[in-house]
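# predicted model, plus sequence, below.
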Protein chains: 2
Amino acid sequence: MDTPGTTRRQLLTAIGMMGGTAALYQAMTTMGHASETQYKGSPDLTGARAGASVLVLGAGLAGMVAAYELNKAGYKVRILEYQNRAGGRNWSLYGGDTYTELGGATQHVQFDQGHYLNPGPWRIPYHHRTLLHYCKAFGVALEPFIQFNHNAYVHNANAFGGKPVHYREAAADFEGNVAELLGKAIDQKALDAELTADDKDKLKEALRGWGMLDKDMKYKSNLLSSEHRGYDRPPGGGVNGEPIPSAVFDFKDVVASQVWKNMAFFMNHEMQTTMFQPVGGMGMIGKAFWKNVAPMITLNAKVTKIMQDKTGVTVTYNDTGSGAMTEAKADFCVCAIPLGVLNQIENNLSGAKKSAIAAVPYGNQVKIGLQMARRFWETDDFIYGGHSFTSQDIALVSYPNYHLFEDGPGVLLGAFANGPGAFRLAGMTPEQRIQAALDQGSVFHPGTYRKEFQNGASVAWSRVPWTMGCCARWNEEVRKTHYQTLVALEDRIVLAGEHASYVGCWMEGALLSSLDAITRLHKRALEA
Amino acid sequence: MDTPGTTRRQLLTAIGMMGGTAALYQAMTTMGHASETQYKGSPDLTGARAGASVLVLGAGLAGMVAAYELNKAGYKVRILEYQNRAGGRNWSLYGGDTYTELGGATQHVQFDQGHYLNPGPWRIPYHHRTLLHYCKAFGVALEPFIQFNHNAYVHNANAFGGKPVHYREAAADFEGNVAELLGKAIDQKALDAELTADDKDKLKEALRGWGMLDKDMKYKSNLLSSEHRGYDRPPGGGVNGEPIPSAVFDFKDVVASQVWKNMAFFMNHEMQTTMFQPVGGMGMIGKAFWKNVAPMITLNAKVTKIMQDKTGVTVTYNDTGSGAMTEAKADFCVCAIPLGVLNQIENNLSGAKKSAIAAVPYGNQVKIGLQMARRFWETDDFIYGGHSFTSQDIALVSYPNYHLFEDGPGVLLGAFANGPGAFRLAGMTPEQRIQAALDQGSVFHPGTYRKEFQNGASVAWSRVPWTMGCCARWNEEVRKTHYQTLVALEDRIVLAGEHASYVGCWMEGALLSSLDAITRLHKRALEA
């Protein structure tokens, strides 16, 4: 932990103990507390030695931001990249693209022009300041990503007889029932030890207003609850304008639907509104970085060995075009290769570092894009962006946030699978995956899903040749044993990437990790 | 109520009584229940008599949609409009515009090009299908309206020592405390009459997950609660990547902040995501309607008398340009004049209708637009769109949903006042209103709000010459006594507008009301 943070925190704790919450809060706001980012602007890399050189391995965001900043600071930088493009997991698949996965299956993407699948990152939270900074600096146009949609569906095989319900209906009923039950408990004096009479009155007022309870503190099928969950017949105009309330669900079904997981999901710091996406696909970010570091990149360079000694770092790579083996040398090295791949590359890093590299588990996410002939979710279901969640393997159907209201086709995200579901989908051929996605997604749009389907594409990250996994999935145990070892500068080599961060699986983690890594490398370089 | 609806509802009630909730739900979904709109497509106006004529009074959305559809059906239509423009309350104020309110104060709007204030409607819910239909038909480009922003502020003079807090912090703490209290009550067997042992286990699991409770069912300052409310130091990259949790608030302050009102607001059917706004200002909708009915409109026509007899309707109007009094005659009349104005126009409607016209209360909303030199809420506060709520007169500050991330200025909505607060602001000069808005809005952005201010404009609806109020604010009592009388066709005249709907104050209400009115008028015309 950084000392200023710890010191301030200790001070705040002391204030809190002395003066209670209000005093603590005053102190916090006065002290400019409640930071929303670890981004502190461009890294301080002043005073680089003339001629000092750095090899960057991997032209994903972590590698490219390292190259960009180090080069700007005066270092001689070269990037080696395995693929024939830069961007790494920041990547969009467009019509005309070809993709071959581990196992050999090749897909020819057929999406209409202007439509795409983002196999990797696909949304940007408002507090990912580092990424937003570089998007602005590199001219990447952003548009809102519609994360939260009250009218999308929640489906759980164990609730509502296996039928999906609207998020708004289930969420309203969850809140209404929780409010009614807590109100009842208060009246039964169950919480008299916790709440004064005044507290109880104020909390009951809050529960009534929040939970849409009637004057008797009941949550019922009436116009009040319908104001949140939706109506049988919504308010209208003229003679038949009067609304007809909807019937609230059985609370057992509501709890069994696990809508509370979705409610918690939307409150998750990384998932909160406002979110963004680049206009034209997430891959626009990788392309913008690429443009800014292009002269430094050697593409089609498969790294096979990373060795350092007292004089520098030597990286051996294979030109995948010609097959020629070449050595590249530099004073220092930023290695931004995903750990699953790095683990297979010969190196003379310490045993502890090797153990850390081998220890971090990776996610196996599967994403499937489905092009539909028309945007029926908009015209028929009144769903514009957002996600319908399901307990099935596909986990969700997400509705595109671009070309809204248009007559033409749209590309749905037909699966964002994880865990066992992702393993099942990854085990299928690309064609079988599409069929599974159509089967499962039909639960939300039974009449139309298969009928409107035109073509699809899928990426199972466990089969991606250049990562062999989606992104780092640290657990507490592994973090405790290996994290600081993994991120520590080892003489002339430092690791960077989302795996070397607490913001795993996010582009922001890759960037923050890289900025921290090069700042430490720069200090080391000044000592050299 | 329409017979099919009632019949279905009666059937559903019967099914519910016989088979319980699950059976009811099955029946509901099977029967295509849970309608999200009263819009049923273009009105059926087939068979209009050749030469039948209609006078439409008022070129707001209600009047213009009536004219558009009646004309398409073959009626001879003419619209009389008091102002020198069509659109009515669908209206945006741009730089260069001049606006004179009742009382004589004139404002010269100075916003930079491309920026605007929407004095009236400003957001469109996904389920306002009628409006969305005409936007598409008339080529109005829509973009997302960012309604829900977890990072905007909540301010209440009676909580947190009068300091604003982030919505995410207060909402997370409200949910966490409610979950913990209900969990405690369950353990104390306070709800054993309502819940079986299995219910209790499942509900506790839900409360733990939803409320971010620890394994002991406690809501505390830790990384769990910080995942919802935000961190002291958020997760980052490299050596100092470890997050530091934030301190939860005192629950008394959380309840006193009335954040539960904001939470309920976001669950309100009309306020739910996804919402939209026209690109370039709400007034683009009025302009698009105008373009489609332009040849039928007589502008600058102040209606002074509306009389009907067995042969037709005669409307007397004053050409506000020349001062000439003119009579217009037609077989029928759709009167879409706001009730406060209509109430002052001589007419021979029935006494009951006149009473209804006089009885409906109107809102007195005040909106204030403030141009700031830079978008500090984005760069400094990480707020992109959405609203910061306050207990002060201004009620909220809303952040613009267009030109996001740009370096130039932005126009904030600096007030959306209602009730007593709106009366206080309406009583001020436009200049004083700006100062009040700057004083009050500074609570959210203390260092910057006044410093970055450039210019402003305000509309107090109680002072708008052509409406003398914002929109109909029906209450249950008035609705019961007067609604059906107000909307009833009276021989040759029918009223239309948001005031003749259950969707008061929304454009959708104006359109639905008008489509219903002309459908009934057409039936009457066929009888004539």
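Now that the structure is in, tell me what you want to look at.
# so how many other residues sit close to A:Trp474?
Burial measure for A:Trp474: 19 neighbouring residues, criterion other C-beta atoms under 10 Å in any protein chain shown. From N, CA and C alone the C-beta is placed, and that goes for glycine too.
# so A:Leu93 sits right up against A:Tyr116, yeah?
Yes: shown here, A:Leu93 and A:Tyr116 form a contact pair, counting by C-beta atoms under 8 Å, at 6.1 Å.
# okay, and the common contacts of the two?
By C-beta atoms under 8 Å, 6 or more residues apart in numbering or on different chains, A:Leu93 and A:Tyr116 have these common neighbours: A:Gly369.
# in stretch A:433-449, what counts as buried?
Neighbour counts using 16 or more other C-beta atoms under 10 Å in any protein chain shown place A:433-434, A:436-438, A:440-445, A:448-449 of stretch A:433-449 among the buried residues.
# quick one: distance of that stretch to the chain centre.
The offset between the C-alpha centroid of stretch A:433-449 and the centroid of the whole chain comes to 24 Å, using C-alpha atoms, centre = their mean, to the nearest Å.
# quick one: residues in contact with that stretch.
Taking contacts as C-beta under 8 Å, 6+ apart, the residues outside stretch A:433-449 that touch it are A:153, A:155, A:162, A:164, A:366, A:368, A:370, A:372, A:376-377, A:380-381, A:388, A:390, A:392-394, A:397, A:412, A:414-415, A:424-425, A:428, A:450, A:453, A:456, A:458, A:460.
# let's test this: mean pLDDT of that stretch, rounded?
Confidence over stretch A:433-449 (mean pLDDT, whole number) is 97.
# quick check: bridge partners of A:Val411?
With DSSP bridges as the criterion, the beta-bridge partners of A:Val411 are A:Gln371.
# next up, the contacts around it.
With contacts defined as C-beta under 8 Å, 6+ apart, the neighbours of A:Val411 are A:111, A:115-117, A:369-372, A:400.
# save those as a markdown table, and put in distance to A:Ala171 and pLDDT too.
Compiled in a markdown table, these are given as follows (distance: C-beta to C-beta, whole Å; pLDDT from 0 to 100):
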| residue | distance to A:Ala171 | pLDDT |
| --- | --- | --- |
| A:Phe111 | 33 | 98 |
| A:His115 | 31 | 98 |
| A:Tyr116 | 31 | 98 |
| A:Leu117 | 29 | 98 |
| A:Gly369 | 28 | 98 |
| A:Leu370 | 26 | 99 |
| A:Gln371 | 30 | 98 |
| A:Met372 | 27 | 98 |
| A:Pro400 | 23 | 98 |
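# now those residues as CSV including neighbour count?
What follows is these, written out as CSV (neighbours: other C-beta atoms under 10 Å in any protein chain shown):
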residue, neighbour count
A:Phe111, 24
A:His115, 22
A:Tyr116, 25
A:Leu117, 29
A:Gly369, 26
A:Leu370, 25
A:Gln371, 22
A:Met372, 24
A:Pro400, 23
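# so where's chain A shaky on pLDDT?
Applying pLDDT under 70 to chain A picks out residues A:1-35.
# give me the domain ranges for it.
Chain A breaks down into these domains under automatic domain parsing: A:53-86+A:299-360+A:472-527, A:93-151+A:273-279+A:363-463, A:167-249.
# run the chain-centre distance for the second one.
If you compare the mean C-alpha spot of domain A:93-151+A:273-279+A:363-463 with that of the full chain, they lie 13 Å apart, counting by C-alpha atoms, centre = their mean.
# could you tell me which residues of the stretch 401-528 of chain A lie near chain B?
A:401, A:404-405, A:483-484, A:487-488, A:496, A:500-503, A:509-517, A:520 (C-beta under 8 Å from any C-beta of the partner chain).
# which residues of the stretch 1-150 of chain A fall in helices?
For the stretch 1-150 of chain A, the helices defined by DSSP state H, counting those that start in this stretch occupy A:3-30, A:61-72, A:129-137.
# packing partners of the shortest one?
Looking back up the chat, that one is helix A:129-137. Helix A:129-137 makes packing contacts with strand A:124-125, helix A:283-293, helix A:507-527 when contacts are defined by 3 or more C-beta pairs under 8 Å, 6 or more residues apart in numbering or on different chains; DSSP states H and E.
# what helix or strand is A:Val178 on?
Remark: A:Val178 resides in helix A:167-187, with elements defined by DSSP states H and E.
# which element follows that helix toward the C-terminus?
Following helix A:167-187 in sequence order, the next helix or strand is helix A:197-211 (DSSP H and E).
# for the very next helix or strand once past that following helix, which helices and strands make contact with it?
Secondary structure here is assigned by DSSP H and E; on that basis, the next helix or strand after helix A:197-211 toward the C-terminus is helix A:223-229. When contacts are defined as 3+ C-beta pairs under 8 Å, 6+ apart, helix A:223-229 packs onto helix A:167-187, strand A:244-245.
# with mean neighbour count and distance to A:Asn292 added, can I get the ones you listed in a markdown table?
Supplementary listing: the helices and strands packed on helix A:223-229 in a markdown table, determined by neighbours: other C-beta atoms under 10 Å in any protein chain shown; distance: least, C-beta to C-beta, whole Å:
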| stretch | mean neighbour count | distance to A:Asn292 |
| --- | --- | --- |
| helix A:167-187 | 24 | 40 |
| strand A:244-245 | 19 | 57 |
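# out of those, which gets nearest to chain B?
Comparison of the helices and strands packed on helix A:223-229 against chain B by C-beta to the nearest C-beta identifies helix A:167-187 as nearest, at 3.3 Å.
# relative to helix A:197-211, how tilted is that closest one?
Computed by axes from the mean of the first three to the mean of the last three C-alpha atoms, to 10 degrees, the angle separating helix A:167-187 from helix A:197-211 equals 160 degrees.
# so does helix A:167-187 get close to chain B?
Yes: counting by C-beta under 8 Å from any C-beta, contacts between helix A:167-187 and chain B involve A:168-169, A:171-172, A:174-175, A:178-179, A:181-182, A:184-186.
# wait, A:Lys305 sits on A:Val315?
Yes: distance between A:Lys305 and A:Val315: 6.9 Å, which falls inside the contact criterion (C-beta under 8 Å).
# buried sites along stretch A:122-130?
The neighbour-count check on stretch A:122-130 (16+ other C-beta under 10 Å) flags A:122-130 as buried.
# extract the C-alpha trace of it and format it as CSV.
Coordinates of the C-alpha atoms in stretch A:122-130 are reproduced here as CSV (Å, rounded to 0.1, in the frame of the first residue of the first chain):
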residue,chain,number,x,y,z
TRP,A,122,-17.1,-4.5,-24.7
ARG,A,123,-18.0,-1.8,-22.2
ILE,A,124,-16.1,1.0,-20.4
PRO,A,125,-17.2,2.2,-16.9
TYR,A,126,-17.1,6.0,-16.3
HIS,A,127,-14.4,5.6,-13.7
HIS,A,128,-11.9,3.8,-15.9
ARG,A,129,-10.1,7.1,-16.2
THR,A,130,-6.9,5.8,-17.8
